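Trainee: Can you look at this prediction? I've put the sequence above it.
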Amino acid sequence: MLSVLIVGCGAIAGGHDAARPDDAWPRTHAAAYRRDGGFRLAACADPDAARRQDFADRWGVEQAFATLAAAASAAPFDVISICSPTSAHAADLEAAIALRPRLIVCEKPVTPSLAETARLVRLARHHGIGLAVNHTRRWAPDVRALAAELAGGRWGAVRSVSAAYTKGVLNNGSHLFDLLLFLFGPLDVVAAGKPVADHSAADPSIPCLLQTLSGIPVSVGIAHAADYALFELTLFTERGVIGMEDGGANWRIRPVVDSPAFPGYRALASGDFVPGRYDEAMANAVAEFRLWLDGKAELSSTGETAAAAQAISEAVLAKAGRR
């Protein structure tokens with residue numbers, strides 16, 4: 001079985017699944033590795049003694065360490081998952097690369113700085129280490145299906161896109177920008193609005209206007225994280241409107257129909273809400289990691305794709321006068 005070291009024993013490492021049934025779709029690294037069956041949780045590292053021991057007990061981790069440096073005694077590892085706070089990512093990635101695993105899986109953003117992210121992406125590549133970044137929606141089956149439908153012309157021309165998010169242009173905005181890059185390719189930042197510190201002063205949420213290379217306008221709005229969490233996307237196309245709501249937990253599809261009120265006009269149907277398949281994303285990600293390690297798949301989300309999303313975040317900050 002493939003050996004895994006998890007760095008950081010908090011919510012995304014396993015905490016979000018700690019009280020959930022073992023047969024639920026996993027939301028965390030530990031649960032996804034265990035569900036897959038092709039991995040063993042060889043070690044974990046966290047400076048909080050109680051948290052790391054609870055984590056090790058809950059997930060059956062073989063060895064628990066206070067630091068990543070101490071975990072080196074249990075190397076080699078096939079996979080190292082970086083689940084520590086963003087502020088620790090740069091140092092943890094550097095230390096992880098020094099251990100020469102075959103694959104590093106890092107939570108987003110890779111680091112707070114695009115320049116530092118790019119340096120670490122280059123360093124991992126130099127040593128022949130795969131680097132996957134947990135921009136989770138790239139592994140959601142419905143998002144992948146939508147990308148294929150758009151590319152294949154199922155919805156005709158895309159006229160415009162509207163999106164909204166909360167909790168930081170880097171923290172959550174990068175997730176949104178990565179999703180837009182996955183669906184539409186490269187984006188230009190046209191304008192940015194007033195920053196709102198609903199996440200942190202260093203990482204405000206910022207409304208902005210983007211544009212695809214083919215000229216599709218993308219309007220990105222914000223709400224306030226103190227009110228509620230928000231991550232939504234609406235595509236206005238030639239053949240209907242596609243709405244992703246609740247971060248991907250639900251979709252609403254409104255096809256074009258003959259207007260029931262005005263003969264000769266076309267309108268949108270009220271549409272149906274369809275349950276999303278976002279919950280399947282972590283399990284699909286880990287399955288892809290296993291196939292990649294066996295030389296049978298490409299990584300859907302990489303250091304390079306994450307850096308491209310972070311570049312948009314930094315460009316929005318610059319347009320808003322924050323860089």
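Mentor: Perfect, thanks for sending it.

Trainee: where does the stretch 201-323 of the chain have low pLDDT?
Mentor: Residue ranges of the stretch 201-323 of the chain with pLDDT under 70: none are present.

Trainee: any idea where the helices of it begin and end?
Mentor: 281-293, 303-319 (DSSP state H, counting those that start in this stretch).

Trainee: do you know which of these lies nearest residue 104?
Mentor: Distance to residue 104, taken as CB to CB, is lowest for helix 303-319 among the helices of the stretch 201-323 of the chain, at 8.7 Å. (C-beta placed from N, C-alpha, C; glycine too.)

Trainee: my guess is residue 1 meets residue 39, correct?
Mentor: Yes - taking CB atoms under 8 Å as the definition, residue 1 is a contact partner of residue 39 at 6.0 Å.

Trainee: Count the neighbours of residue 212 for me.
Mentor: Using other CB atoms under 10 Å, residue 212 is surrounded by 18 other residues.

Trainee: Next, work out how far apart it and residue 142 are.
Mentor: 21 Å (CB to CB, to the nearest Å).

Trainee: repeat for residue 39
Mentor: Following CB to CB, the distance that separates residue 39 from residue 142 is 25 Å.

Trainee: next one: residue 316
Mentor: For residue 316 relative to residue 142 (CB to CB), the value is 27 Å.

Trainee: now residue 76
Mentor: 37 Å.

Trainee: higher neighbour count, the two?
Mentor: A direct count of neighbours by other CB under 10 Å for residue 76 and residue 142 places residue 142 higher, at 18 against 12.

Trainee: which residues of the stretch 101-250 of the chain fall in strands?
Mentor: 103-106, 130-133, 158-165, 187-192, 208-212, 217-222, 231-237, 240-245, 250-258 (DSSP state E, counting those that start in this stretch).

Trainee: helices or strands up against the fourth one?
Mentor: This points to strand 187-192. On a contact count with 3 or more CB pairs under 8 Å, 6 or more residues apart in numbering; DSSP states H and E, strand 187-192 meets helix 173-184, strand 208-212, helix 303-319.

Trainee: Can you say which of the ones you listed is packed in most?
Mentor: helix 173-184 (a mean of 23; mean count of other CB atoms under 10 Å).

Trainee: okay, which residue is most central for this protein?
Mentor: Geometric centre of the chain, nearest residue: residue 135, 1.8 Å, by CA atoms, centre = their mean.
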